[in-house]
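J.: what follows is a predicted protein model with its sequence.
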Amino acid sequence: LYQRTTVSLMKHEADSGILIHSYSPTGFNIDGNRVFGPCAVLPPAILQWNVGSYRDITEESISLFHMLEPPIGSRVEQINPLVLALLKRKRIAVEVQDTPNACATFNFLNSERRLVAAGLIPPSYSTALEVKQD
C-alpha cells in the first residue's frame, strides 16, 4: 500500500540566498554557476550585465536595478553623477567597491536577508606576481 520515498538534499543549511563563492578576471562562481563577464545579481536571479568597466555604467545600464519590486535600499567614486543622482531619486543606496569587497558585502547583506543587488565587473588580470627573466 505504501511505497518508499527518497529525498536528495541540494542544500544542507537553511536557505541563505545567493552566495558569491569566487571571482576571477573571467567572471564569477555564484552558487556553483559559472558566470562569465559582468553580471547583475538580483536574488534570486543572475543576469548578464552589458558593461565593460565603470565607465560603461549609464542611466540605461542601471535601469534593471531601479525597476525591481520591492525596491532595494558610501563610498562612491568615478560613476557618472547623473547615474548616481538617478539612483538617489529612486531611493537606492550605492556603494562602489573593488571586486573582493563587493562580493563579501553582497554575501553579508544577503545572508541577513536584506534586499540587496550587485552589479559585478570581474577584476583585471594582475601582473604583480609575474616573474621576469632578464
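T.: Ah, there it is. Nothing here was measured: the structure is a model prediction, and the numbers come from that model.
J.: where in this structure is pLDDT low?
T.: Applying pLDDT under 70 to the chain flags residues 1-16, 68-78, 126-134.
J.: in it, where's the longest helix?
T.: helix 99-111 (DSSP state H).
J.: helix or strand right after that helix?
T.: Later in the chain than helix 99-111, the nearest helix or strand by DSSP states H and E is strand 118-120.
J.: who touches that following strand?
T.: With CB atoms under 8 Å, 6 or more residues apart in numbering as the test, strand 118-120 has contacts from 20, 23, 28, 38-41, 49, 51, 57, 62, 65, 99, 102-103, 106. Where C-beta positions appear, they are placed from N, C-alpha and C, glycine not excepted.
J.: quick one: distance of the longest helix of the chain to the chain centre.
T.: Relative to the centre of its chain, helix 99-111 is centred 8 Å away, using CA atoms, centre = their mean, to the nearest Å.
J.: now do the buried residues in it.
T.: By neighbour count on 16 or more other CB atoms under 10 Å, the buried set for helix 99-111 is 99, 102-103, 106-107, 109-110.
J.: residue 29 reaches residue 18, doesn't it?
T.: No. Here residue 29 does not reach residue 18: they are 11.4 Å apart, not a contact under CB atoms under 8 Å.
J.: who has more neighbours out of these two?
T.: More neighbours surround residue 18 than the other of residue 29 and residue 18, with 19 against 14 (other CB atoms under 10 Å).
J.: tell me the SS of the more buried one?
T.: Following DSSP: H, G, I helix; E, B strand; the rest coil, the label given to residue 18 is coil.
J.: please tell me how far it sits from residue 80.
T.: As for residue 18, its distance to residue 80 is 27 Å (criterion: CB to CB, to the nearest Å).
J.: go on, residue 65?
T.: Residue 65 sits 14 Å away from residue 80, going by CB to CB.
J.: compare the two (neighbour count), which wins?
T.: Using other CB under 10 Å, the more surrounded residue of residue 65 and residue 80 is residue 65, with 20 against 15.
J.: what about the more buried one? Give its phi and psi, please.
T.: Main-chain dihedrals, residue 65, degrees, to the nearest 10: phi -80, psi -40.
J.: many thanks, I have nothing further to ask.
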